[in-house]
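# Sharing a sequence plus its predicted fold:
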Amino acid sequence: QVQLVESGGGLVQPGGSLRLSCAASGFTLDSYSIGWFRQAPGKEREGVSCISRRDDITYYKDYVKGRFTISRDNTKNTVYLQMNSLKPDDTAVYYCAASPTYCNYYEPRYDYWGQGTQVTVSS
């Protein structure tokens, strides 16, 4: 069964850190570009970061650049999103998704989606 499972979300104070994990089963992650998306309450889902298939080039949206780091561990079939210097505006449900094409934030190009993990940044 093809599945993506996110974990690592939680409640953190402003300025804190979290590491999200996106574990795949039923397929090999390194054949796909993996994107992280997020959806805040009352807002549309938006792209956050992406790591490309084959060459692991990384991309970040401006609002997380310099604070978030995406990485891949092929031995664990897992992609990570290290989130530092978190802000209240980062509060959202975070999703990972797998695309067979180059990195992009166009959701129809993603074949598989996880169920999401909640990140709440609050004092």
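Everything's here; your move.
# What ranges does this protein have for its strands?
For the chain, the strands defined by DSSP state E cover 3-7, 10-12, 18-25, 33-39, 46-51, 58-60, 68-73, 78-83, 92-99, 112-113, 117-121.
# would you turn those into a markdown table with mean neighbour count and distance to Tyr105?
Every C-beta, even on glycine, is put in place using the N, C-alpha and C of the backbone. As requested, the strands of the chain are arranged in a markdown table below (neighbours: other C-beta atoms under 10 Å; distance: least, C-beta to C-beta, whole Å):
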| stretch | mean neighbour count | distance to Tyr105 |
| --- | --- | --- |
| strand 3-7 | 17 | 17 |
| strand 10-12 | 14 | 24 |
| strand 18-25 | 19 | 16 |
| strand 33-39 | 24 | 6 |
| strand 46-51 | 21 | 3 |
| strand 58-60 | 16 | 9 |
| strand 68-73 | 18 | 13 |
| strand 78-83 | 22 | 14 |
| strand 92-99 | 23 | 10 |
| strand 112-113 | 17 | 13 |
| strand 117-121 | 18 | 18 |
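# Spit out the contact partners of the nearest residue to Trp113 once chain neighbours are set aside.
Residue nearest to Trp113 in three dimensions, not counting chain neighbours: Ala97, with 4.7 Å by C-beta to C-beta, 6 or more residues apart in numbering. Applying C-beta atoms under 8 Å, 6 or more residues apart in numbering to Ala97 gives the contacts 4, 34-37, 107, 110-114.
# got JSON lines for those, with pLDDT too?
JSON lines is the format used below for the contacts of Ala97 (pLDDT from 0 to 100):
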{"residue": "Leu4", "pLDDT": "97"}
{"residue": "Ile34", "pLDDT": "97"}
{"residue": "Gly35", "pLDDT": "98"}
{"residue": "Trp36", "pLDDT": "98"}
{"residue": "Phe37", "pLDDT": "98"}
{"residue": "Glu107", "pLDDT": "96"}
{"residue": "Tyr110", "pLDDT": "97"}
{"residue": "Asp111", "pLDDT": "95"}
{"residue": "Tyr112", "pLDDT": "96"}
{"residue": "Trp113", "pLDDT": "97"}
{"residue": "Gly114", "pLDDT": "97"}
